[in-house]
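quick one, what's the 3D model for this:
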Amino acid sequence: MSAPVRVGTRRSLLATTQAGTVAELVRDLLGREVVLVEVTTEGDRSQAAGTPLVQSSSTGVFVGALRDALLRGDVDVAVHSLKDLPTYPAAGIALVAVPEREDPRDVVVGRDGLTLGELPVGSRVGTGSPRRAAQLHALGLGLDVVGVRGNVDSRIAKVRAGDVDAVVLARAGLARIHRLEEVSEVLDPLQVLPAPGQGALAVECRAEDPLATDLAALDHAPTRAAVEAERAVLATLEGGCSAPIGALADVVEGEDGDELWVRAVALSLDGTLSVRKSASGSTSDAVGVGTRLAQEMLADGAGQLDQPGPAIDTDPDRDS
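Numbers count the residues shown, from 1 in each chain. As a prediction, this is how the structure comes out:
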């Protein structure tokens, strides 16, 4: 009998729930037994110590310890929120599967069930994400956007306690922990674009592990194409743009097969300046579509949105 597949995960409720989703796929598709192995990451330690993640390594801060556990052989598989992954490869590690994505949109949890448009001018809206904050400012609703930290429960608790009037979170995280009843509004991507890869999971293992071939069965081709395009936007913009970035790709049916439609935005931190573009192309050229879109954004001035800030979503909630 084969040994159980050891799936590494962070210790939070959301992370273990996500790892449990992958574990079920391994059981169902591969017929293998699975055990979850909890790993404490640098991001968890920083969050516990109260260190703002925008002052740390942001992307990858929740990833390194899981990858180290993989390379040491402590676990066979690592499960991440895909938006946590750096856009550059890690030696000895392969991204073997991207399962079907949850709804990637952001949502509002507001007091008394209020939407953003129903909140009075001056209402306090909490987020730990520069991307979300910039796009909230850009809506021009006169909201007071304030920083909040902590997990999903603690952020929602701030609304219930009256510390803030609303918080903005990822719908995917709330869906995974069965808290969608808390949502008062799902934000249209025309208003607020999500982080590249939001709502998707990344399944990694050692590149030379024979298990890698089997785990490819967990891959969902449309999701893989979409997130590859979004991450190509991010990777290209990271080279010349320090602004918060949102990106979302959708797979749509075209005359000659499936096509990608990609939207992206880069903004100044206060939301007053932005470069917003879209592009379409073949799912087989997902990276090329995203790269060309980002190059057009740089040509249109994305690199001159001159308020320094993190290049991506750095929400320490990691709410997927």
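
how about the strands in this protein?
5-9, 34-38, 77-81, 93-97, 106-110, 124-127, 144-147, 166-170, 185-186, 201-206, 245-254, 257-267, 274-282 (DSSP state E).

sheet partners, orientation included, of the second one?
Take DSSP bridges as the rule and strand 34-38 pairs in its sheet with strand 5-9 (parallel).

save the strands of the chain as JSON lines, and put in mean neighbour count, mean pLDDT and distance to L305 too.
To be clear about C-beta, it is placed using only N, CA and C from the backbone, and glycine gets the same treatment. Shown next, in JSON lines, are the strands of the chain (neighbours: other Cβ atoms under 10 Å; pLDDT from 0 to 100; distance: least, Cβ to Cβ, whole Å):
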{"stretch": "strand 5-9", "mean neighbour count": "22", "mean pLDDT": "96", "distance to L305": "36"}
{"stretch": "strand 34-38", "mean neighbour count": "16", "mean pLDDT": "96", "distance to L305": "39"}
{"stretch": "strand 77-81", "mean neighbour count": "28", "mean pLDDT": "96", "distance to L305": "26"}
{"stretch": "strand 93-97", "mean neighbour count": "21", "mean pLDDT": "97", "distance to L305": "30"}
{"stretch": "strand 106-110", "mean neighbour count": "26", "mean pLDDT": "98", "distance to L305": "21"}
{"stretch": "strand 124-127", "mean neighbour count": "23", "mean pLDDT": "98", "distance to L305": "19"}
{"stretch": "strand 144-147", "mean neighbour count": "15", "mean pLDDT": "96", "distance to L305": "18"}
{"stretch": "strand 166-170", "mean neighbour count": "28", "mean pLDDT": "97", "distance to L305": "21"}
{"stretch": "strand 185-186", "mean neighbour count": "16", "mean pLDDT": "98", "distance to L305": "27"}
{"stretch": "strand 201-206", "mean neighbour count": "24", "mean pLDDT": "97", "distance to L305": "28"}
{"stretch": "strand 245-254", "mean neighbour count": "21", "mean pLDDT": "93", "distance to L305": "10"}
{"stretch": "strand 257-267", "mean neighbour count": "21", "mean pLDDT": "94", "distance to L305": "6"}
{"stretch": "strand 274-282", "mean neighbour count": "18", "mean pLDDT": "96", "distance to L305": "7"}
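
okay if I get the ones you listed as CSV plus distance to A133?
Shown next, in CSV, are these (distance: least, Cβ to Cβ, whole Å):
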stretch, distance to A133
strand 5-9, 29
strand 34-38, 31
strand 77-81, 19
strand 93-97, 29
strand 106-110, 12
strand 124-127, 6
strand 144-147, 5
strand 166-170, 9
strand 185-186, 17
strand 201-206, 25
strand 245-254, 12
strand 257-267, 9
strand 274-282, 13
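
residue contacts, the closest residue in space to A232 that isn't next to it in sequence?
Using Cβ to Cβ, 6 or more residues apart in numbering and skipping residues adjacent in sequence, the residue nearest A232 is G290, 3.0 Å away. By Cβ atoms under 8 Å, 6 or more residues apart in numbering, the residues touching G290 are E228, A229, E230, R231, A232, V233, T236, A247, A249, V262.
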